[in-house]
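Peer 1: Build me a structure from this.
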Amino acid sequence: MTLQLYAFDTPNGRKISVALEEMNLPYTVHVVHIGKDEQFAPDFLKISPNNKIPAIVDPDGPGGQPISVFESGAILLYLGEKTGQFLPRDLRARVPVLEWLMFQMGGFGPMPGQVHHFLTLQDEADQRYGLARFSTETRRLYGVMDRRLARHEFFAGELSVADFAILGWAWRHARHRVDLAEFPNVQRWYEAMMARPAVQRGFAVPLG
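Peer 2: Numbering: from 1, shown residues only. Got it, this is the predicted structure:
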């Protein structure tokens, strides 16, 4: 049965469209325009109580019953469990997937997201401290990723949901004011990911 994806054209939204394409799952898109406050609509809050995109509804959930899932990391784990793809069953192999997924959720998302925010401020005095702080931390995180990818083709060794999560934010590297040439291993990984046909389809999905 067809999954329902509620999303907008953001890094977190793109994580899920890419994952759905890579997993070859049928889905229908419902654009939730966050610029128009559609994330606060009562019907959307029923499936995403934190009024954030993305969210999914799977009509064929556990036991054949519908289930809704919010938070992009939870959605990726759910889809990996559902399909048996990009999420190893073996615990030792699964640990690095979880580590790098949590790395993205806790750091490489919130930190560049703050860069996005402070870049929009018009007052230079308001912008200066926050931009310096969060740009420095964002670049540190790129360095962490570059060192990891110097030894591994993908973040957890094999391609996994962690790569889809991180890709959604690396996609905005120009907005982070980061030149990937300064992080050659990240650049190699990013170019390889973006060359994948399913990834290209995931980014081509109209999300508003």
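
Peer 1: Walk me through the domains of this structure.
Peer 2: 3-86+199-204, 91-196 (automatic domain parsing).

Peer 1: Let's have those domains in CSV, adding mean neighbour count and mean pLDDT.
Peer 2: C-beta: built from backbone N, CA, C; applies to glycine. Formatted as CSV, these follow (neighbours: other C-beta atoms under 10 Å; pLDDT from 0 to 100):
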stretch, mean neighbour count, mean pLDDT
domain 3-86+199-204, 18, 98
domain 91-196, 17, 96
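
Peer 1: Which other helices and strands does the longest helix along the chain contact?
Peer 2: Secondary structure of the chain per DSSP state H: the longest helix is helix 124-149. On a contact count with 3 or more C-beta pairs under 8 Å, 6 or more residues apart in numbering; DSSP states H and E, helix 124-149 meets helix 91-106, helix 110-119, helix 184-194.

Peer 1: Helix 91-106 and the second one, what's the angle between them?
Peer 2: Regarding helix 110-119 and helix 91-106, their directions subtend 20 degrees when assessed with axes from the mean of the first three to the mean of the last three C-alpha atoms, to 10 degrees.

Peer 1: ok, back up a step: orientation of the longest helix of the chain relative to helix 110-119 in degrees?
Peer 2: 150 degrees.

Peer 1: Quick check: next helix or strand after helix 124-149?
Peer 2: helix 161-170 (DSSP states H and E).

Peer 1: So what's the gap between that next one and the chain middle?
Peer 2: Counting by C-alpha atoms, centre = their mean, to the nearest Å, helix 161-170 is centred 5 Å from the centre of its parent chain.

Peer 1: and what of stretch 169-179?
Peer 2: 14 Å.

Peer 1: which element is A74 on?
Peer 2: Residue-wise, A74 maps onto helix 72-83 under DSSP H and E.

Peer 1: other SSEs contacting that helix?
Peer 2: With contacts taken as 3+ C-beta pairs under 8 Å, 6+ apart, helix 72-83 sits against helix 11-22, strand 55-58, helix 91-106, helix 161-170.

Peer 1: Please produce a markdown table containing the ones you listed, extended by distance to H152.
Peer 2: Output for the helices and strands packed on helix 72-83, formatted as a markdown table (distance: least, C-beta to C-beta, whole Å):
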| stretch | distance to H152 |
| --- | --- |
| helix 11-22 | 18 |
| strand 55-58 | 29 |
| helix 91-106 | 9 |
| helix 161-170 | 10 |
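
Peer 1: Please give the element, helix or strand, for Q4.
Peer 2: Per DSSP H and E: Q4 is located in strand 3-7.

Peer 1: how about G73, what does it touch?
Peer 2: 101-102, 104-105, 165 (C-beta atoms under 8 Å, 6 or more residues apart in numbering).

Peer 1: which among the residues you listed gets closest to P49?
Peer 2: Among those, M105 lies closest to P49 (C-beta to C-beta), at 17.7 Å.
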